[in-house]
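# Got a predicted structure plus its sequence, pasted below:
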Amino acid sequence: MRRGVWTAVAPPAVLAAMIGAAGGRAQDRGLQERILRPVGAPGQVLKLEPPVARAVRPEVGEEHVELINALPGMHIERTVSFTRFIDEVEQSNLALAAQRFNVPIARAEMAAARVYPDPIVQAGGAGDVSTEDQPETYTAAVSQEIVIGGKIGARVAAARAGVTASDAGLADYWRNLRANAADDFIDGVTQILIIQRKIIALQRAEQLVALNAQNLAVRRASEDNLLRARVGELEARSDLLQTEAALHQTLAGLSILIGRRAANGLVMPIGELARTPRHFALEELIARAVASRSDVAAARAAVAAAGAQYRLALANRLPDPTVSGEYQHTTATTNSLDPAPRWDSLGVQLQIAIPLSDFNRGAREAAYYTELQSERQLQAVELEAENEVRSAYQTYLLAAATTSQFGDELLDDANAVYKERLFKLEKNLVGLTDVLDAHQALNQLYLDYYEALNAQAKALVALEQAAGIWDLSF
């Protein structure tokens with residue numbers, strides 16, 4: 001597989017020959033050697049070529065795979081769109097898969113809540129061991145605890161509320177995981193755009209080094225200018241390496257989100273962050289969030305579960321009676337002093353505990369206050385949902401307004417200013433400082449633009465997450 005596109009600029013020997021051919025004599029040859037020594041291979045300065053077709057448009061596509069694969073430590077196995085990435089997270093995320101087991105666990109607990117106490121069967125016998133011809137007895141008994149007071153119904157109701165809470169909890173876990181995955185995807189696209197821009201910045205820094213070397217050869221620039229240009233190139237290269245490290249960490253995180261090992265290859269997000277700002281009705285978003293957001297649904301289920309537990313605590317005040325039946329067979333007595341025929345008996349017993357423990361109201365009060373607590377927690381969650389929607393809405397409006405300040409004309413004008421100053425530097429009409437300032441301003445403008453797009457995309461994710469809706473695409 002082709003790992004990247006590398007081109008070489010003039011090696012140090014060529015630049016030195018240009019200076020020598022022009023008859024220039026530097027006062028400090030050691031300084032010239034330090035200025036002209038490249039970073040990397042001894043014979044050439046290596047640089048990447050970013051896709052030129054998308055130099056301004058904030059979009060990452062298939063053509064960027066070659067660019068990223070050429071970076072150290074990068075191996076892109078495949079690309080993934082936003083919609084497909086979110087689908088893969090839902091299907092393959094291991095943490096989400098573990099959370100899904102909470103639902104069948106809760107359903108099994110609801111089935112267990114319907115279990116009725118098992119009957120108890122007893123059997124026994126007794127015989128004469130005194131050799132006095134006394135009778136032998138054999139007994140068999142069965143007893144059953146009778147559950148009264150609606151205890152089983154209360155248990156089932158509490159377990160059913162637990163199932164609802166588990167469903168809502170799973171939905172809320174997915175809501176938060178989906179938003180985090182979307183943010184990571186957006187960060188990946190943004191970092192690829194930033195790397196593309198920083199590669200261009202490095203190329204232009206190298207151009208400045210070459211241009212100042214040429215001007216030094218014909219005595220139109222000083223060694224100080226060349227040194228400053230070289231320092232700018234080294235800073236641009238260092239900045240690029242730091243961004244590469246951040247991108248690798250982000251792409252590795254994307255692989256983990258879809259249940260893959262980063263060692264098996266990275267997935268690269270493709271998409272476009274520049275989107276027309278969307279319009280939302282704030283009150284409708286708030287109403288939807290308060291009515292159906294997953295964490296609100298989980299809080300409502302918790303209220304239902306607490307109410308069922310309180311009803312169960314009330315039902316537990318009634319003791320459950322135990323009914324038992326006993327059959328006994330006694331053999332004949334054969335001794336001469338007190339003979340007796342064999343005989344059988346049948347008895348019924350009813351056992352009821354005296355509920356002295358009802359004087360202790362601790363269990364009922366705990367259940368009562370738990371229900372009150374769950375109601376207040378529901379109110380707090382509803383209020384928090386409303387506030388989150390309002391805050392996310394305002395954040396999105398501000399982010400969209402910030403992004404709107406960047407336009408094609410602004411970016412084109414900044415490019416034009418830089419090219420004009422570079423042309424004037426070639427003609428010795430402006431100094432290196434002017435060109436470096438224009439270069440820095442141009443790079444910062446693009447970086448600010450990409451950060452603004454990143455903030456707007458994340459603000460949209462946060463708004464839809466807060467409102468409990470999802471119809472995003474990048």
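In hand now; what should we look at?

# Point out where the chain drops to low pLDDT.
1-57, 221, 408-409, 422, 425-426, 428, 432 (pLDDT under 70).

# All the strands of it, residue numbers only.
Assigned by DSSP state E, the strands in the chain fall at 6-8, 46-48, 59-60, 76-80, 120-126, 137-145, 266-269, 271-272, 322-330, 343-351.

# got a list of what residue 119 touches?
142, 143, 144 (CB atoms under 8 Å, 6 or more residues apart in numbering). (Glycine included, C-beta is placed from N, CA and C.)

# got a list of what the second one touches?
Contacts here follow CB under 8 Å, 6+ apart; on that basis residue 143 touches 119, 120, 122, 322, 323, 324, 325, 349.

# Please name the bridge partners of it.
residue 120, residue 324 (DSSP bridges).

# still on that earlier bit, and of the strands of the chain, who's closest to residue 94?
Nearest to residue 94, of all the strands of the chain, is strand 266-269, at 15.7 Å by CB to CB.

# Just give the strands next to that closest one in its sheet, each with its orientation.
The pairing partners recorded for strand 266-269 under DSSP bridges are strand 76-80 (parallel).

# what distance separates the strand it pairs with from the centre of its chain?
Computed by CA atoms, centre = their mean, to the nearest Å, the chain-centroid distance of strand 76-80 equals 20 Å.

# Now do the buried residues in it.
76, 79, 80 (16 or more other CB atoms under 10 Å).

# didn't the first one look like it was pressed against residue 262?
Going back to what we said before, that points to residue 76. No: using CB atoms under 8 Å, residue 76 is not in contact with residue 262; the gap is 11.5 Å.

# joint contacts of the two?
residue 251.

# before we move on, the earlier item: need the strands of the chain in TSV (columns: distance to residue 292).
Output for those, formatted as TSV (distance: least, CB to CB, whole Å):
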stretch	distance to residue 292
strand 6-8	54
strand 46-48	48
strand 59-60	34
strand 76-80	30
strand 120-126	49
strand 137-145	43
strand 266-269	30
strand 271-272	28
strand 322-330	47
strand 343-351	50
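
# Just tell me which of those ends up closest to residue 108.
strand 137-145 (23.2 Å).

# Report the distance from the closest one to the chain centre.
Its chain's average C-alpha position is 60 Å from that of strand 137-145, according to CA atoms, centre = their mean.

# how far off strand 343-351 does that strand point, in degrees?
Calculated by axes from the mean of the first three to the mean of the last three CA atoms, to 10 degrees, strand 137-145 forms an angle of 20 degrees with strand 343-351.

# And strand 137-145, what's buried?
For strand 137-145, by 16+ other CB under 10 Å, it's 139, 141, 143, 145.

# all helices of the stretch 351-474 of the chain, in order?
362-404, 408-426, 432-467 (DSSP state H, counting those that start in this stretch).

# Out of the contacts of residue 143, flag the one nearest to residue 305.
residue 322 (29.6 Å).

# neighbours around that closest one, how many?
Neighbours of residue 322 under the rule other CB atoms under 10 Å: 16.

# swap in residue 104?
When neighbours are defined as other CB under 10 Å, residue 104 has 11 of them.

# the longest helix in the protein is where?
Scanning the chain for the helix with the most residues, using DSSP state H, yields helix 151-217.

# Can you name the residues that contact the nearest residue to residue 112 once chain neighbours are set aside?
Spatial nearest neighbour of residue 112, excluding adjacent residues (CB to CB, 6 or more residues apart in numbering): residue 159 at 7.6 Å. Shown in contact with residue 159 (CB under 8 Å, 6+ apart): 106, 109, 110, 112, 113.

# swap in residue 80?
Residue 80 touches 88, 254, 267, 268, 269, 270, counting by CB under 8 Å, 6+ apart.

# bridging residues for it?
Beta-bridge partners, per DSSP bridges, of residue 80: residue 269.

# For the contacts of residue 80, give me JSON lines that also has distance to residue 203 and neighbour count.
JSON lines is the format used below for these (distance: CB to CB, whole Å; neighbours: other CB atoms under 10 Å):
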{"residue": "88", "distance to residue 203": "35", "neighbour count": "18"}
{"residue": "254", "distance to residue 203": "28", "neighbour count": "23"}
{"residue": "267", "distance to residue 203": "28", "neighbour count": "23"}
{"residue": "268", "distance to residue 203": "22", "neighbour count": "24"}
{"residue": "269", "distance to residue 203": "24", "neighbour count": "25"}
{"residue": "270", "distance to residue 203": "23", "neighbour count": "23"}
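
# what's the closest of these to residue 364?
Minimum distance to residue 364 across the contacts of residue 80 is 49.5 Å, recorded for residue 88 (CB to CB).

# isn't that closest one right next to residue 256, touching?
No: if you go by CB under 8 Å, residue 88 and residue 256 don't touch, sitting 11.8 Å apart.

# Tell me the buried residues in stretch 93-112?
In stretch 93-112, counting by 16+ other CB under 10 Å, buried: 93, 96, 99, 102, 106, 107, 109, 110.

# Output those residues as a markdown table; include the columns distance to residue 439.
What follows is the buried residues of stretch 93-112, written out as a markdown table (distance: CB to CB, whole Å):
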| residue | distance to residue 439 |
| --- | --- |
| 93 | 43 |
| 96 | 46 |
| 99 | 50 |
| 102 | 55 |
| 106 | 61 |
| 107 | 64 |
| 109 | 66 |
| 110 | 67 |
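
# buried ones in stretch 298-309?
Result for stretch 298-309 [16+ other CB under 10 Å]: buried residues 298, 299, 300, 301, 302, 303, 304, 305, 306, 307, 308, 309.

# Who are the contact partners of residue 341?
residue 332 are the contacts of residue 341 under CB under 8 Å, 6+ apart.

# switch the cut-off to 10 Å
Shown in contact with residue 341 (CB atoms under 10 Å, 6 or more residues apart in numbering): 135, 330, 331, 332, 333.

# Please pick the buried ones from those.
Applying 16+ other CB under 10 Å to the contacts of residue 341 flags 135, 330, 331, 333 as buried.

# The second one and residue 134, how far apart?
In other words, residue 330. Residue 330 is 10 Å from residue 134, where distance means CB to CB, to the nearest Å.

# Give the intersection of the neighbour lists for these two.
126, 340.

# export the contacts of residue 80 to a markdown table and tack on distance to residue 240?
Converted to a markdown table, the contacts of residue 80 look like this (distance: CB to CB, whole Å):
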| residue | distance to residue 240 |
| --- | --- |
| 88 | 30 |
| 254 | 21 |
| 267 | 22 |
| 268 | 18 |
| 269 | 20 |
| 270 | 21 |
